[in-house]
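Visitor: Pasted the sequence and its predicted model underneath.
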Amino acid sequence: MERLDSCDARLQRLCFEVIKHYDFSVLEGHRTLARQQELFNSEPPLTTLDGVNKKSMHQPYPSLAVDLMPWPENVNGRNIWEDKFRWHYFAGVVIGTALQMSIKIRWGGDWDGDWSNADQKFHDLPHFELVD
């Protein structure tokens, strides 16, 4: 709840609705500059944003982005991090719920919002952000 509390009220409302239908964990809400730099310097590096010149949607407070992970982490012996189908299924639930609630979001598996992830160079499957 602490991570979700650091998010914009629209993301909080969305998550409270999604949890009624699909169990998940909140991995990250607000992200400090130090955390952004840590991700930028990680292996493999998160090279899309450096935390200084370009800010992540996680950096404002309250956060305009949230990272969510479908639960449970393991289903039929498959870890969620190895199961892209589960991420896509979960994203459909989140996106569909957001549409019903008139909350405009972007998913890190379809940055350009064209309903295809085949044209994405950077897949951030846990990531959902507000679009104004």
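Guide: Nice, thanks for sending it over.

Visitor: Please state the offset of the helix-or-strand element of the chain with minimal mean pLDDT from the chain centre?
Guide: Here the helix or strand of the chain ranked lowest by mean pLDDT, DSSP states H and E is helix 33-40, holding a mean of 82. Relative to the centre of its chain, helix 33-40 is centred 16 Å away, using Cα atoms, centre = their mean, to the nearest Å.

Visitor: helices and strands around the very next helix or strand once past that helix, which ones?
Guide: Following helix 33-40 in sequence order, the next helix or strand is strand 65-70 (DSSP states H and E). With contacts defined as 3 or more Cβ pairs under 8 Å, 6 or more residues apart in numbering; DSSP states H and E, strand 65-70 has these neighbours: helix 9-18, strand 24-28, helix 84-100, strand 127-130. For the C-beta atoms, the positions are set from N, CA and C on the backbone; glycine is no exception.

Visitor: quick one on the thing from earlier: got the angle for the least confident helix or strand of the chain vs strand 24-28?
Guide: 100 degrees (axes from the mean of the first three to the mean of the last three Cα atoms, to 10 degrees).

Visitor: buried residues in helix 33-40?
Guide: Neighbour counts using 16 or more other Cβ atoms under 10 Å place Q36, L39, F40 of helix 33-40 among the buried residues.

Visitor: same thing with stretch 100-112?
Guide: For stretch 100-112, the neighbour count (16+ other Cβ under 10 Å) marks I103, I105, R106, W107, G108, G109, D110, W111 as buried.

Visitor: Take those and write them to CSV, including distance to N79, secondary structure and pLDDT.
Guide: Converted to CSV, those look like this (distance: Cβ to Cβ, whole Å; DSSP: H, G, I helix; E, B strand; the rest coil; pLDDT from 0 to 100):
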residue, distance to N79, secondary structure, pLDDT
I103, 30, coil, 98
I105, 26, strand, 98
R106, 26, strand, 96
W107, 21, strand, 96
G108, 19, coil, 93
G109, 18, coil, 94
D110, 23, coil, 94
W111, 24, coil, 91
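
Visitor: quick one on the thing from earlier: right, so the helices and strands packed on strand 65-70: which one is the most enclosed?
Guide: When you average the neighbours per residue for each of these (mean count of other Cβ atoms under 10 Å), strand 127-130 leads with a mean of 22.
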